[in-house]
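[1] Okay, here's the prediction I keep looking at, along with the sequence it came from:
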Amino acid sequence: MSEAALLARTDHQPAERRTFAIISHPDAGKTTLTEKLLYSAGAIHEAGEVRARGDRRRARSDWMAIEQQRGISVTSSVMTFEVGNILFNLLDTPGHQDFSEDTYRTLTAVDSAIMVIDAAKGIEAQTRKLFEVCRLRNIPIVTFINKVDREGQSPFNLLDEIAETLQLDVSPRNWPVGMGGLFHGIYDYAENKLLLADKSDGTVPGRVVQMTGMDDPLLDETLPADAVAHLREEGELARAAYPDFDLDAFLNGDLTPVFFGSALREFGVRQLLDGLSTFAPPPGPQPARNGPVAPSEARVSGFIFKVQANMDPNHRDRIAFMRVCSGALKRGMKLTNPRLGKAISIQNPITFFARDRELAELARPGDIVGIPNHGTLRVGDTLSERGDIAFTGLPDFAPEILRRVHLGDPMKSKQMRKGLSDLAEEGVIRIFKPALGSNWIVGVVGALQLDVLSTRMEAEYGLKLGFEPSPWEVARWVSADDDSELKRLLATHRSSMAEDGDGEPVLLMRNEWEMGRFAQDWPSIRFASIRERS
Ligand code: GDP
């Protein structure tokens, strides 16, 4: 097919993009909301498909048994759906705290986030942590206070808690008419619509009644007198007490629009989606070494924020997830990876429509494509037509747990090294090769990663691993303006020096106290706990 014909066939894609993630504490309702967003957008036809798909996938893949056992989601995936002229790319983030590093990287690829809060629990630990990551990156946040169909805290308490603990202005977009057993529905401020709960059940969305405002006499005819009195009092108070929605403040990450709703009962989900369409930002410029790259830049560029193995158990390939940052990516294009200094041909890029995967003929800025490869692509890699772009901002975190690995069968140490290197490139673990001795050290941020490591090594490489304590607790990347100082450190403390998987120098230390002593003794050396990949 000629290029013009190909574009004519594929360029009917929606013009706008919203690339976002959902952040929440486990059990707040992220999975349910994801499902209802897809359902509301017509991308799936049966609520329950997202979970069912997850279960099928888990059943097929050995190492994902860990997820099943522990009831947590270790892997991230992408779901794309269309509403009107907007294409939504929803990036799923693992909920468990041990995987915050993975989540952090995923959040580098989004333009906005939905923060889901359980109306009974308010802000929880993991929500707060993820929020801080979004704040670091100035990612605008839309808030969904979920489960208003159950008894929860008062809406005022919830709003005040968000405002105080997160130092964020809150602007309610709707107001729940009662909660729990007294839940009657939701009043939408922007459109003056009352979304009624179905009377027979009290939970299923029923009629939508158009009002002229909260003083509309129709309200008195529609709801019981005490509910109306309550809504008028609270609703008006809330409008007066909290700031009006301000788009600039939202885009700066200073204000969050808040939707009350129930993912399970489908209340407020459509409003949330409309809110995302209206205020969430389209793809913006991405930071790169020689200045940000705008989505309007004609030539294609993107960065890899995640690498995943075993998505399809029939193939041992890996999928690298790339966020397209500029240009129109067409299948078959050649893109240069500056780390490798060579171009690779993007023959089979994949898009993730709702629950299916398809070959991507065309992808635009903000889109996520999966690139199958045999290990050539790593987290943090840039691919571009220009060849001279290097995106920045994807961090590596120093591990908090360092272990020696021992192998049941010492004859297989070569395979073990291969497996460890593969998984380190994927970003699952970090490896350190000490300057003295031949035993590699494995570093992870959370203990659960060690379980993932041993399960995958067994399933994919047929190796049974054990872990032993190492003498070290702290690892820091070391660098200096004066190269000779670094060499001197290496020569003086050879037994504490190692290289990471990319050959960067790392100092291993027994504890924080020793770390402090090193910092004192070596003022010209930088000891970094975060390394930015580029
Ligand atoms: P996740 O861990 O954040 O993905 O949470 P899930 O979506 O799995 O939801 C956790 C539990 O909360 C499940 O039992 C859901 O059925 C329930 N749940 C989710 N949304 C609502 C809601 O709006 N109302 C009620 N009553 N329960 C909900």
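    In hand now; what should we look at? None of the values given here were measured: they were computed from a predicted structure.

[2] Point out where the stretch 101-250 of the chain drops to low pLDDT.
    The model of the stretch 101-250 of the chain has pLDDT under 70 over residues 199-205.

[3] Could you give the residue of it that lies closest to the ligand?
    residue 147 (3.9 Å; C-beta to the nearest ligand atom). Yep, even glycine has a C-beta here, placed from its N, CA and C like the rest.

[4] Pull up the residues of the stretch 201-350 of the chain that are close to the ligand.
    Listed as neighbours of the ligand in the stretch 201-350 of the chain under the rule C-beta under 6 Å from any ligand atom: 262-265.

[5] In PyMOL, how would I select just the buried ones from those?
    Under the burial definition 16 or more other C-beta atoms under 10 Å, those of these that qualify are selected in PyMOL by:
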select buried, resi 262+263+264+265
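
[6] And the furthest pair within the residues of the stretch 201-350 of the chain next to the ligand?
    Spatial extent of these (C-beta to C-beta) is set by the pair 263 and 265 at 7.7 Å.

[7] Now residue 324: which helix or strand?
    Element membership for residue 324 (DSSP states H and E) is strand 318-326.

[8] Output the contacting helices and strands for that strand.
    If contacts are counted by 3 or more C-beta pairs under 8 Å, 6 or more residues apart in numbering; DSSP states H and E, strand 318-326 sits against strand 301-309, strand 368-373.

[9] Could you identify the longest helix within the chain?
    helix 225-241 (DSSP state H).

[10] hmm, back to that, just give me the least confident of the residues of the stretch 201-350 of the chain next to the ligand.
    Here the lowest pLDDT out of these sits on residue 265, with 88.

[11] does it count as helix, strand or coil?
    Here residue 265 is recorded as coil under DSSP: H, G, I helix; E, B strand; the rest coil.

[12] I'd like to know which elements the helix or strand harbouring residue 132 is packed against.
    Here residue 132 sits within helix 125-136, counting by DSSP H and E. Using 3+ C-beta pairs under 8 Å, 6+ apart, the elements in contact with helix 125-136 are strand 16-24, helix 100-107, strand 112-118, helix 155-166.

[13] residues contacting residue 407?
    By C-beta atoms under 8 Å, 6 or more residues apart in numbering, residue 407 lies in contact with 413, 416, 463-466.

[14] Just confirm residue 449 is within a strand.
    No. Counting by three-state DSSP, one finds residue 449 to be helix, located in no strand.

[15] Please report how far it lies from residue 265.
    Residue 449 sits 36 Å away from residue 265, taking C-beta to C-beta, to the nearest Å as the criterion.

[16] hmm, back to that, among the contacts of residue 407, which one sits closest to residue 288?
    Closest to residue 288, out of all of the contacts of residue 407 and judged by C-beta to C-beta, is residue 416, at 36.6 Å.

[17] So the closest one: helix, strand or coil?
    Residue 416 ends up helix, using three-state DSSP.

[18] what's the domain layout of this protein?
    22-73+113-279, 301-384, 395-532 (automatic domain parsing).

[19] Out of the ones you listed, which one sits most buried?
    Highest mean neighbour count of those: domain 301-384, a mean of 20 (counted as mean count of other C-beta atoms under 10 Å).

[20] returning to that earlier point: which one of the contacts of residue 407 sits closest to the ligand?
    residue 465 (29.8 Å).

[21] Next, give phi and psi for that closest one.
    Dihedral pair for residue 465: phi -110, psi 150, per degrees, to the nearest 10.

[22] List the residues that contact it.
    405-408, 416, 453-454, 457-458.

[23] Between these, which sits nearest the ligand?
    Closest approach to the ligand among the contacts of residue 465 (C-beta to the nearest ligand atom): residue 453, at 24.0 Å.

[24] Touching, that closest one and residue 446? I think so.
    No. Applying C-beta atoms under 8 Å, one finds residue 453 not in contact with residue 446, separated by 11.4 Å.

[25] So which residues on this protein come close to the ligand?
    24, 26-32, 95, 146-147, 149-150, 262-265.

[26] OK, contacts around residue 442?
    So residue 442 contacts 402-405, 420, 429-432, 450, 453, 467 (C-beta under 8 Å, 6+ apart).

[27] Helix or strand for it, just tell me which one.
    Counting by DSSP H and E, residue 442 is part of strand 441-444.

[28] what do you get for residue 458?
    With DSSP H and E as criterion, residue 458 is part of helix 448-461.

[29] and residue 383, what is it in contact with?
    300-304, 322, 335-337, 344, 346, 377.

[30] same deal with residue 377?
    Shown in contact with residue 377 (C-beta under 8 Å, 6+ apart): 304, 307, 318, 320, 337, 344, 371, 383.

[31] one step back: hang on, isn't the residue of the stretch 101-250 of the chain closest to the ligand packed against residue 33?
    No. With contact defined as C-beta under 8 Å, residue 147 does not count as touching residue 33 (10.6 Å).

[32] Mutual contacts of these two, please.
    Residues touching both residue 147 and residue 33 (C-beta under 8 Å, 6+ apart) are residue 263.

[33] now do the same end-to-end measure for stretch 459-466.
    The straight-line separation of the ends of stretch 459-466 (C-alpha to C-alpha, to the nearest Å) is 15 Å.

[34] And the contacts of stretch 286-299?
    When contacts are defined by C-beta under 8 Å, 6+ apart, stretch 286-299 is touched by residues 282-285, 301, 303, 323, 325-327, 365-366, 382, 384-386, 388-393, 534.

[35] Can you point out the buried residues in that stretch?
    286, 288, 293, 295, 297.

[36] As a check, name the ranges of all strands in the stretch 151-300 of the chain.
    Along the stretch 151-300 of the chain, the stretches classed as strands by DSSP state E, counting those that start in this stretch are 169-172, 174-177, 185-188, 193-197, 205-210, 255-260.

[37] Kindly reformat the ones you listed as a markdown table containing distance to residue 123.
    Formatted as a markdown table, the strands of the stretch 151-300 of the chain follow (distance: least, C-beta to C-beta, whole Å):
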| stretch | distance to residue 123 |
| --- | --- |
| strand 169-172 | 12 |
| strand 174-177 | 18 |
| strand 185-188 | 21 |
| strand 193-197 | 25 |
| strand 205-210 | 27 |
| strand 255-260 | 12 |
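
[38] returning to that earlier point: remind me what the helix or strand that the strand holding residue 324 is followed by packs against, helices and strands.
    Sequence-wise, the next helix or strand downstream of strand 318-326 (DSSP H and E) is strand 329-330. With contacts taken as 3+ C-beta pairs under 8 Å, 6+ apart, strand 329-330 sits against helix 3-10, strand 362-363.

[39] just to revisit the earlier point, next, the angle helix 155-166 makes with the helix holding residue 132.
    Orientation check (axes from the mean of the first three to the mean of the last three C-alpha atoms, to 10 degrees): helix 125-136 against helix 155-166 gives 60 degrees.

[40] on that earlier part again, sheet partners, orientation included, of the strand holding residue 442?
    strand 401-407 (antiparallel), strand 430-434 (antiparallel) (DSSP bridges).

[41] Quick check: which ranges of the stretch 351-500 of the chain have low pLDDT?
    353-357.

[42] any idea how far the ligand is from residue 470?
    34 Å (C-beta to the nearest ligand atom, to the nearest Å).

[43] hang on, that residue packs against residue 402?
    Yes. At 4.7 Å, residue 470 counts as touching residue 402 under the criterion of C-beta under 8 Å.

[44] Spell out which residues are contacts of both of the two.
    441, 508.

[45] excluding its backbone neighbours, what's nearest residue 142?
    For residue 142, ignoring the flanking residues on the chain, the nearest one in space by C-beta to C-beta, 6 or more residues apart in numbering is residue 114 at 5.1 Å.

[46] Could you give the bridge partners of that neighbour?
    residue 22, residue 142.
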